[in-house]
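Visitor: need a structure here:
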Amino acid sequence: MTFKFNQMFKVFVLFCFLFSLSVPFFAQPAPVQVRSLTKAMVRFARGELPRILEHIPMDREERYGFNNRDEFKRAGMGIPYQEFSLEDEIPTGYWRVPVIVDGENRALLRLKEVNGQWTFSGFGAARLARELGFFETNIAKTRPTWGRIVRDFSMQCDYVQFEPKSLTRLEGSLHPMESAARILLRTFPQIDSRGYPVDEIKQFRARHKRLMRTGEENPGQD
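Guide: Numbering: from 1, shown residues only. All right, here's what the predicted structure looks like:
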């Protein structure tokens with residue numbers, strides 16, 4: 001009896017070990033996925049950056065977040081941000097990677113993976129890059145390794161969150177960025193940069209739209 005039990009226990013342990021090896025990529029924790037995903041992304045971005053910076057017209061550096069062209073030589077990459085849709089609660093497929101000079105976010109690279117290859121989609125958004133840097137320093141509890149820009153396309157505003165637990169689900173807390181706070185403050189004077197649960201953000205959003213339709217603003221707290 002003891003022999004049979006030991007044999008069964010060994011088979012069970014072996015089964016658990018083999019199962020752990022067969023866990024698909026999508027079932028792995030988000031940090032594991034992010035490290036694997038962003039390694040190639042950042043390598044591609046770093047390789048493309050010199051060519052992109054060279055295409056900035058002379059005397060237009062400030063428009064792209066730089067003081068002068070000498071700063072191009074010191075440009076590096078920041079933490080990647082996944083782009084997410086608030087309305088659909090799905091990733092848009094795009095990522096933003098800040099370009100950093102002297103520890104400050106200056107601009108954002110927009111990238112997308114197509115058929116297993118990273119492609120360059122856009123460059124700029126200096127104001128958004130600086131604001132993300134502010135949130136990284138003042139809002140994130142620890143130095144984040146990645147983040148998410150949650151876009152409300154219908155209201156044309158953004159939220160940010162750090163270290164989400166999933167690459168495919170929208171959960172946790174969202175911090176209203178300036179564009180979102182500016183809109184929501186019209187009906188919710190108490191809104192600030194603290195984190196709000198996703199469901200609460202959606203309630204704010206729905207009520208704001210309803211109040212805008214009726215022409216009522218700053219109703220105060222209930």
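Visitor: which residues touch the closest residue to residue 63 other than its chain neighbours?
Guide: Among residues not flanking residue 63 along the chain, residue 126 sits closest, at 7.3 Å (Cβ to Cβ, 6 or more residues apart in numbering). No exception for glycine: its C-beta is placed from N, CA and C like everyone else's. For residue 126, the contact set (Cβ atoms under 8 Å, 6 or more residues apart in numbering) comprises 63, 64, 65, 106, 107.
Visitor: same check on residue 41?
Guide: 80, 95, 97, 111, 113, 118.
Visitor: highest neighbour count among those residues?
Guide: residue 95 (26 neighbours; other Cβ atoms under 10 Å).
Visitor: moving C-terminal of the helix or strand where that one lies, what's the next helix or strand?
Guide: Per DSSP states H and E: residue 95 is located in strand 90-101. As assigned by DSSP H and E, the chain's next helix or strand after strand 90-101 is strand 104-114.
Visitor: other SSEs contacting that next one?
Guide: When contacts are defined as 3 or more Cβ pairs under 8 Å, 6 or more residues apart in numbering; DSSP states H and E, strand 104-114 sits against helix 30-54, strand 90-101, strand 117-124, helix 126-138.
Visitor: how does it look with 6 Å?
Guide: With contacts taken as 3 or more Cβ pairs under 6 Å, 6 or more residues apart in numbering; DSSP states H and E, strand 104-114 sits against strand 90-101, strand 117-124, helix 126-138.
Visitor: turn the ones you listed into a markdown table, columns for mean pLDDT and distance to residue 189.
Guide: Listed next are the helices and strands packed on strand 104-114 as a markdown table, based on pLDDT from 0 to 100; distance: least, Cβ to Cβ, whole Å:
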| stretch | mean pLDDT | distance to residue 189 |
| --- | --- | --- |
| strand 90-101 | 96 | 30 |
| strand 117-124 | 94 | 32 |
| helix 126-138 | 95 | 21 |
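Visitor: looking at the ones you listed, which is buried most?
Guide: Greatest average neighbour count among the helices and strands packed on strand 104-114 goes to strand 90-101 (a mean of 19), per mean count of other Cβ atoms under 10 Å.
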